[in-house]
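Peer 1: Provided below are the primary sequence and the corresponding predicted coordinates.
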Amino acid sequence: AGSGRGGSSLMAGSAFRCRVDGVSISQSQVDFANEQATKAGVDDKVRFHFRNMLDTGFESGSFQGIWNNESTMYVVLDDLFAEHSRLLARGGRYVTITGCYNDVYGLPSRAVSTINAHYVCDIHPRSAYFRAMAANRLVPISVVDLTADTIPYWELRQKSSVATGIEDTFLEAYRDGSFQYLLIAADRV
């Protein structure tokens, strides 16, 4: 869901020869991803669709797994998890890797607010993920805090040609604990 240019979908389809249906609201991303699937020889199993991840039009219970990678901050979590719950077969797995703010600190820190403004998104508090999952029959089975593991990326990006100026803000938020980078896996019950 929110497949973008299709990188992780193509890797999954190639590695496991499984059916993958990616969805994006960007027609150019969908076109690019479908071209890449054809070039990789997996277009018989891996397809990309110009659709909204909040209302995909796919049949209920038709998926064994769904993932979001850094796209949940662009949607209302209750709406997203309602659609994922509808799409997943009972026992299906949902996984997200996302940045969230640490609501133990209260409201979003200045750094988190700066990241929101930079990416024109709405970073959710950590607790909102679990509340919305529970409301939509998704039971977390694993939560992995990847915050410390992502700091070297941002340190390297600071010095790279793709630096945008937001790197210091990410590092500040990760280091002060106000922003976290989590992997959450949940099963559909």
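Peer 2: Good, I have the coordinates.

Peer 1: C-alpha from now on. contacts and neighbour counts both.
Peer 2: Fine.

Peer 1: could you pull out the helices for the protein?
Peer 2: Using DSSP state H, the helices found in the chain span residues 7-16, 27-40, 77-87, 110-119, 126-135, 147-158, 167-176.

Peer 1: by contact count, what packs against the helix or strand of the chain with the lowest mean pLDDT?
Peer 2: Using mean pLDDT, DSSP states H and E, helix 7-16 stands out as the lowest-scoring helix or strand of the chain, at a mean of 91. For helix 7-16, the packing partners by 3 or more CA pairs under 8 Å, 6 or more residues apart in numbering; DSSP states H and E come out as strand 20-24, helix 27-40, strand 46-50.

Peer 1: TSV for the ones you listed, including distance to A117, mean neighbour count and mean pLDDT?
Peer 2: Output for the helices and strands packed on helix 7-16, formatted as TSV (distance: least, CA to CA, whole Å; neighbours: other CA atoms under 10 Å; pLDDT from 0 to 100):
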stretch	distance to A117	mean neighbour count	mean pLDDT
strand 20-24	22	22	96
helix 27-40	23	17	96
strand 46-50	26	22	97
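
Peer 1: quick one: average confidence on stretch 129-146?
Peer 2: Mean pLDDT, computed over stretch 129-146, is 98.

Peer 1: ranking the helices of the chain by burial, who's on top?
Peer 2: Mean neighbours per residue, mean count of other CA atoms under 10 Å, is largest over these for helix 77-87, with a mean of 21.

Peer 1: and the longest strand for this structure?
Peer 2: Looking across the chain with DSSP state E, the single longest strand is strand 88-101.

Peer 1: ok and that one relative to helix 110-119, angle-wise?
Peer 2: Counting by axes from the mean of the first three to the mean of the last three CA atoms, to 10 degrees, strand 88-101 lies at 120 degrees to helix 110-119.

Peer 1: what comes into contact with strand 88-101?
Peer 2: Residues outside strand 88-101 that contact it (CA atoms under 8 Å, 6 or more residues apart in numbering): 60-73, 84, 108-109, 112, 123-126, 138, 178-189.

Peer 1: Those in strands, which ones?
Peer 2: Those of those lying in strands (DSSP E): 63-69, 138, 179-188.

Peer 1: Now a ChimeraX select for only the buried ones of those.
Peer 2: Burial among the ones in strands among the contacts of strand 88-101 is assessed by 16 or more other CA atoms under 10 Å; the matching ChimeraX selection reads:
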select :63,65,66,67,68,69,138,179,180,181,182,183,184,185,186,187,188
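
Peer 1: Pull stretch 31-49 out as PDB, backbone CA atoms only.
Peer 2: Taking Å, rounded to 0.1, in the frame of the first residue of the first chain, the C-alpha atoms of stretch 31-49 are listed here in PDB:
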ATOM      1  CA  ASP A  31       3.800   3.300 -15.000                       C
ATOM      2  CA  PHE A  32       7.500   3.200 -13.900                       C
ATOM      3  CA  ALA A  33       6.900   0.300 -11.500                       C
ATOM      4  CA  ASN A  34       5.000  -1.700 -14.200                       C
ATOM      5  CA  GLU A  35       7.900  -1.100 -16.600                       C
ATOM      6  CA  GLN A  36      10.400  -2.300 -14.000                       C
ATOM      7  CA  ALA A  37       8.300  -5.500 -13.400                       C
ATOM      8  CA  THR A  38       8.400  -6.200 -17.100                       C
ATOM      9  CA  LYS A  39      12.100  -5.600 -17.300                       C
ATOM     10  CA  ALA A  40      12.600  -8.000 -14.300                       C
ATOM     11  CA  GLY A  41      10.400 -10.600 -15.900                       C
ATOM     12  CA  VAL A  42       8.000 -10.700 -13.000                       C
ATOM     13  CA  ASP A  43       5.100  -8.900 -14.600                       C
ATOM     14  CA  ASP A  44       3.100 -12.100 -14.600                       C
ATOM     15  CA  LYS A  45       2.900 -11.900 -10.800                       C
ATOM     16  CA  VAL A  46       3.800  -8.300  -9.800                       C
ATOM     17  CA  ARG A  47       1.400  -5.600 -10.900                       C
ATOM     18  CA  PHE A  48       0.900  -2.000  -9.900                       C
ATOM     19  CA  HIS A  49      -2.400  -0.100  -9.900                       C
END
